[in-house]
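Engineer: I need the structure of the sequence given here:
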Amino acid sequence: MIRLNDFRPAPVTVDARERLRMVVGAGLGILITAIVCHASGVSGAMSWIVAPMGASAVLVFAVPASPLAQPWAVIGGNTVSALVGIACARWVSPPDAAAALAVALAIGAMLALRCLHPPGGASALLMAFGGVTDPHAALFPVLVNSLLLTACGIAWNNATRRPYPHPQRAATDKQLPATEDDLDAVLTRYNQVLDVPRDDLQALISATQLRSYERRLAQVRCADIMSRELVTVEFGTSLQDAWALLRQKGVKALPVVDKWMHLVGIVTLADFMKAADLDLHHGFDARLRGLIRATPGTQSEKPEVVGQIMTRKVRVTRVQRPLADLVPLLGSTGHHHIPVIGEEDRLVGIITQSDVVRALAASEAHA
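Structural biologist: Numbers count the residues shown, from 1 in each chain. All right, here's what the predicted structure looks like:
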């Protein structure tokens, strides 16, 4: 749903010095281009400088890091689009249809040649609507204008410490989780206009980090990080013994197995709390002790063994399953312990949230 607030312009996070750099650079670029072309004495069907150069100057001097502002985009985008517009002016009528087709075909051509440049659409429209049918107009003034403006952009941007052409290098810095404050701080230090909305940039960063984690975790199997020193109990293990194991071993869950190490359930602290009815706050110490303490004799009105309170439906995983598959399970479904099943469906390990955190930290350290 579109809201009125959606039409608010995004803030331009550059200081006064950077704004002055853009303004002066664009002015000098257009001035030099116009003077040189005018002084050349070359005459043609059009003026010595065309209007789309003004839009190109905005990109070259205001957003020199943008793919849309790179030299090949400026030169190729304007020139190819001009040729498309000239062709449409010559062979398509009426002018309205020629103009529409020129812009559409120019975009397609720029995409195919990897020189997408928004002012190219204006170049195509200018030729088509102006009825320019001489292909030399694409060479002068369009190509010559573009070459001169690009040369000015290279000189000015590099003189003012803005790399241009912008190098297409892969990032080598270690990727760390970034917050919105981190992004704001970096954008302030970057001090350049970006042609990407801030929220899209944040989404791209988050998606890139997630993809990086998924890629690294895809190489890690459950067998690589699972705890192999299992602390297990059987169906008939008394609650008192099971509670003692939880306390002594410092664990929060005990897999329940049979004599062949087949998993039949799991008992956790939550199971003890539920069996003792500890949702009620008063007297919970006494109720828990009453549950754990064995009842003398052969009859009891309360659970006495693990099998009576354990959870029977247990989420399990296999030793060769990628760890990445478990992250959503451990992170959002409330599961804190995932038993690992090996050959013949025998229990061979268990994975906890702590194991996953250690794996993430290790993959980050070796990235």
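
Engineer: which segments of the chain make up each domain?
Structural biologist: Per automatic domain parsing, the domain ranges recorded for the chain read 12-159, 223-365.

Engineer: pLDDT of the last one, averaged?
Structural biologist: Read that as domain 223-365. Mean pLDDT, domain 223-365: 86.

Engineer: to Gln192, which of the domains of the chain lies closest?
Structural biologist: Taking Cβ to Cβ, domain 12-159 is the member of those nearest to Gln192, at 6.2 Å. Heads up, the C-betas are built off the backbone N, CA and C, glycines and all.

Engineer: next, the distance between the ends of that closest one.
Structural biologist: The first residue of domain 12-159 is 23 Å away from its last residue (Cα to Cα, to the nearest Å).

Engineer: how far out from the middle of the chain is that domain?
Structural biologist: Remark: domain 12-159 is offset 32 Å from the chain centroid, using Cα atoms, centre = their mean, to the nearest Å.

Engineer: state the mean pLDDT of it.
Structural biologist: Domain 12-159 shows a mean pLDDT of 95.

Engineer: quick one on the thing from earlier: most packed of the domains of the chain?
Structural biologist: domain 12-159 (a mean of 20; mean count of other Cβ atoms under 10 Å).

Engineer: same list (the domains of the chain) but as a markdown table, adding distance to Tyr213.
Structural biologist: Below are the domains of the chain laid out as a markdown table (distance: least, Cβ to Cβ, whole Å):
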| stretch | distance to Tyr213 |
| --- | --- |
| domain 12-159 | 27 |
| domain 223-365 | 7 |
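
Engineer: so which of those comes closest to Ala207?
Structural biologist: Closest to Ala207 of the domains of the chain is domain 223-365 (Cβ to Cβ; 15.1 Å).

Engineer: for whichever strand or helix holds Ala89, packing partners?
Structural biologist: Using DSSP states H and E, Ala89 sits within helix 71-91. Here helix 71-91 touches helix 52-62, helix 95-112, helix 118-130, helix 144-159, going by 3 or more Cβ pairs under 8 Å, 6 or more residues apart in numbering; DSSP states H and E.

Engineer: distance to Arg215 for those - can I get that in JSON lines?
Structural biologist: Shown next, in JSON lines, are the helices and strands packed on helix 71-91 (distance: least, Cβ to Cβ, whole Å):
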{"stretch": "helix 52-62", "distance to Arg215": "33"}
{"stretch": "helix 95-112", "distance to Arg215": "29"}
{"stretch": "helix 118-130", "distance to Arg215": "34"}
{"stretch": "helix 144-159", "distance to Arg215": "35"}
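
Engineer: if anything else comes up later, I'll come back, but that's it for now.
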